[in-house]
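Trainee: Give me the fold of what follows.
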Amino acid sequence: MSPAAIHDDVSSAPHAAKRSAAIFSVFAASVVTLLKLITGLLTGSLGMLSEAAHSAIDLIASAITLFSVQVSDRPADEDHNYGHGKIESLSAFVETGIMFASCIWLVTEAMRRIIFHHHLTLKPSFWPFVVLLCSIGVDFSRSRALGRIAREHRSDALMADSVHFGTDMWASLAVMLGLAASYAGQHYSQPWLEYADPIAALIVSGVILHVSWRLARQTVDALLDATPTSDPTSDQAQSKDQLRSNLIHDLTAIPGVLSVDRLRTRRSGANYFADVTLGMPRNLTFQRSEQLTMAATEAVQRHLPGADVIVHTVPTASIAESVHDRIRAVAARRNLAIHEISVQQYDHTLHVEQHLEVDETMPLRQAHELVTDLEAEMRREVPAISSILTHIESEPATIERLASLDINRDLELCLRRVATQFPEILDIHDVYVTRRSPRTVNHGTDHLQVSCHCTLPDDLPMASVHAVITALEGAFKLEAPEVDRLLIHPEPATDNRR
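Mentor: Numbers count the residues shown, from 1 in each chain. Predicted coordinates for the structure are as follows:
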């Protein structure tokens, strides 16, 4: 079987389970509604008829649930970028309206019988009790089955049906008590017990109203994109405030996340969506920023399983930033490359030296204006800076063509002789001389560039390495002024290519 086919089978399994549960619910509701309606008409019991009406609502709700389950699991498309999960909320909204309407009818009819004493006499029969007991058994089994499937697949529609049918058992019990009291009143000539049947209808109406109100709140919250709780079908559900607090706690606990600037969550059917804006150090690399983004996504999904998480990052100045970091951040904002930053302190003020790379074709005037603006912004960023000296370097914009790449014995011997002046240098090897042709006809002779590998002690600090290399460059150019540039690659004594 192909991977695509396997994926289709796996993805359709939850849908098939939800659909089977919804079909069973529709079938059970149809049978129970028919039995209650026939029994109510034969006995004239308003409580029984109210139960039939309640079961009819259950049948409509089950049909709506089946429809919503069929549609809500469809994948997102161009017209519905967030999927079709809202159809479950819309279906619940329609179901809520029907339940409220049935409450109004039942209350009106019950009050009419109580006030005007209409249809209070019932026909004694044991069939209503048989039907109600069967209804309680069916409601219990389907409530448990729907609840199990809803928890496994996080279906709001099925969970609403499960809760709904769970309350039906108590409503059926209230009707049984009402019928028993009415029959007892007729048998023992106690007229006041005749009101038990319409009172039972009022109790059923109260049950429907309670369920309708709770379902209405959930439905309106879903339709208005209110902040969801954590998975309401799980055993460790959290309130909105708890969820938000736990999410912020876990996000800020990620090393490198400075702040949670915005956190927005919503739910559509069984799917969660989260929009998070995080403050991160502005000197992070793209790779590290991506790692923190993945960690934030995992933190959200621990509380909202399977959530579609979008993480926005805001470069933020951290307390731990050094002066060097802040200077580099200013250059990074302008997409400029600076290096060899040196900061000295005199009389409680800072003096900065830095090297700036600009395009080799840039005119001096434009380069100077660029440096002036850069230095002004650096002073605003770090008010303690009193002076900045920027060395402007040209960055080659084209690929140079080498005239030759060879080994010059004389220059190599000169370099080795100069290197003996520095006790830290253990070895000089891989010495090459590069000849570059002049860029223009007015330029003089070829340019000489020497490159080499330099072996140094393993434990020598990088500051000392830089100082030794810089000193070697200066001393060599004094001995070989025809060389334009000396490039040195430092290597530790335990790892070189001698």
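
Trainee: per-residue confidence for residue 449?
Mentor: We have a pLDDT of 84 for residue 449.

Trainee: Check for me that it belongs to a strand.
Mentor: Yes - assessed with DSSP: H, G, I helix; E, B strand; the rest coil, residue 449 lies in a strand.

Trainee: how close does it get to residue 434?
Mentor: Distance, residue 449 to residue 434, by CB to CB, to the nearest Å: 4 Å. Any C-beta I mention is one placed from the backbone N, CA and C, and that applies to glycine too.

Trainee: Could you find the closest non-adjacent residue to residue 339?
Mentor: Sequence neighbours aside, residue 355 is the residue nearest to residue 339 in space, at 5.2 Å (criterion: CB to CB, 6 or more residues apart in numbering).

Trainee: what's the answer for residue 452, then?
Mentor: residue 431 (4.5 Å).

Trainee: how about that neighbour, phi and psi?
Mentor: The phi and psi torsions at residue 431 (degrees, to the nearest 10) take the values phi -90, psi 120.

Trainee: burial of it, as a residue count?
Mentor: Using other CB atoms under 10 Å, residue 431 has 18 other residues around it.

Trainee: Please look at it and residue 414 and confirm they touch.
Mentor: No - using CB atoms under 8 Å, residue 431 is not in contact with residue 414; the gap is 10.0 Å.

Trainee: Residue 103 - how many residues pack around it?
Mentor: Using other CB under 10 Å, residue 103 is surrounded by 25 other residues.

Trainee: Tell me the predicted confidence for it.
Mentor: Note on residue 103: pLDDT of 75.

Trainee: For the protein, which helix or strand comes out least confident on mean pLDDT?
Mentor: Ranked by mean pLDDT, DSSP states H and E, the helix or strand of the chain with the weakest confidence is strand 402-406, at a mean of 49.

Trainee: and the next element down the chain from that strand?
Mentor: Downstream of strand 402-406, the next assigned helix or strand under DSSP states H and E is helix 409-419.

Trainee: Can you give the distance of that next one from its chain's centre?
Mentor: Distance, stretch centre to chain centre, for helix 409-419: 61 Å (CA atoms, centre = their mean, to the nearest Å).

Trainee: Tell me which other helices or strands the strand or helix carrying residue 338 touches.
Mentor: Per DSSP H and E, residue 338 falls inside strand 337-346. Strand 337-346 makes packing contacts with helix 323-333, strand 349-359 when contacts are defined by 3 or more CB pairs under 8 Å, 6 or more residues apart in numbering; DSSP states H and E.

Trainee: pretty sure residue 283 is touching residue 330, no?
Mentor: No - in this structure, residue 283 is not within contact of residue 330 by CB under 8 Å, at 11.2 Å.

Trainee: Identify the contacts common to the two.
Mentor: Jointly contacting residue 283 and residue 330 under the rule CB atoms under 8 Å, 6 or more residues apart in numbering is no residue at all.

Trainee: List the buried residues of the one helix or strand residue 301 maps to.
Mentor: Using DSSP H and E, the element containing residue 301 is helix 286-303. By neighbour count on 16 or more other CB atoms under 10 Å, the buried set for helix 286-303 is 289, 292-293, 295-297, 299-300, 303.

Trainee: One more: stretch 480-498?
Mentor: By 16+ other CB under 10 Å, the buried positions in stretch 480-498 come out as 480, 483, 486, 488, 490-491, 496.

Trainee: Same check on stretch 377-385?
Mentor: For stretch 377-385, a neighbour-count test (16+ other CB under 10 Å) marks 378-379, 382, 385 as buried.

Trainee: Among those residues, name the ones in helices.
Mentor: 378-379 (DSSP state H).
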